[in-house]
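Novice: take this sequence and fold it.
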Amino acid sequence: MTSTLRSRTFFFVAAVFLLVAGFRVGRAVFLPELPNFSPVPAMALCAAAFLPGWSPLLLVLGIVALSDAALAAALGFPLLTPEQMLLWGALVFIFALGKTLPLRAWGFPAFAMALIGGSVGFYLLANSVSWSADPGYSKSLAGWWQAQTIGLPGFPPTWMFLRNSLISDLLFGSLFFATARRMSLVSSEPRVAG
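Specialist: The predicted structure follows:
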């Protein structure tokens, strides 16, 4: 890939990711009944799988930081909490997963499995962070299980967050994958083991 094409690809992807971040903020403000319907983990995996090097990680974290700041301003959330830093760490892990797996060569089935693994891992970490930080959960295995399944009274059950995360990651990941294929960033032929 020439440097001009690489540069165009990077800016196109950055523009798409900014639109996705806008969606993330708009969804949280205008559709709060869809908790955790967010393209962020899919964005991290796709940036790693389809863009060369590690610099796209800075793009992902920058866009997430911008959308987190917009969410903090719009919804009154605190900005830069220790829990938020751990979740950014989970995005780094998902990005690293995308860099270590040859998803471009394996095709969509492997890519979908990586999306599902990233969603589940992000969900488990996010709810474990909530369990450890929120005084509403008992600090026991039962409290951790509550954080992973039903959550706290007065809030939607946390399994809905996992459902929404899986749906959004597969939806946005599929769109990113189709766009990457269209831009010839990924092969249309899956690799055959041999």
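Novice: burial of the residue nearest to Gln84 when sequence neighbours are not counted, as a residue count?
Specialist: Distances taken as C-beta to C-beta, 6 or more residues apart in numbering put Asp68 closest to Gln84, at 6.6 Å, once the chain neighbours are dropped. C-beta coordinates here come from the backbone N, C-alpha and C atoms, glycine included. Look at Asp68: counted by other C-beta atoms under 10 Å, it has 21 neighbours.
Novice: return the alpha-carbon coordinates of the strand or helix carrying Asp68 using PDB.
Specialist: Using DSSP states H and E, Asp68 sits in helix 55-75. Only the C-alpha atoms of helix 55-75 are listed here, as PDB (Å, rounded to 0.1, in the frame of the first residue of the first chain):
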ATOM      1  CA  SER A  55      -0.500   4.400  15.900                       C
ATOM      2  CA  PRO A  56      -4.200   3.700  15.300                       C
ATOM      3  CA  LEU A  57      -4.400   2.900  19.000                       C
ATOM      4  CA  LEU A  58      -3.900   6.500  19.700                       C
ATOM      5  CA  LEU A  59      -6.700   7.400  17.300                       C
ATOM      6  CA  VAL A  60      -9.100   5.000  19.100                       C
ATOM      7  CA  LEU A  61      -8.100   6.200  22.600                       C
ATOM      8  CA  GLY A  62      -8.300   9.800  21.400                       C
ATOM      9  CA  ILE A  63     -11.800   9.400  20.000                       C
ATOM     10  CA  VAL A  64     -12.900   7.500  23.100                       C
ATOM     11  CA  ALA A  65     -11.500  10.300  25.300                       C
ATOM     12  CA  LEU A  66     -13.400  12.900  23.200                       C
ATOM     13  CA  SER A  67     -16.600  11.000  23.400                       C
ATOM     14  CA  ASP A  68     -16.100  10.400  27.200                       C
ATOM     15  CA  ALA A  69     -15.600  14.100  27.700                       C
ATOM     16  CA  ALA A  70     -18.800  14.800  25.700                       C
ATOM     17  CA  LEU A  71     -20.700  12.200  27.700                       C
ATOM     18  CA  ALA A  72     -19.400  13.700  30.900                       C
ATOM     19  CA  ALA A  73     -20.600  17.200  29.900                       C
ATOM     20  CA  ALA A  74     -24.000  16.000  28.500                       C
ATOM     21  CA  LEU A  75     -24.900  13.600  31.300                       C
END
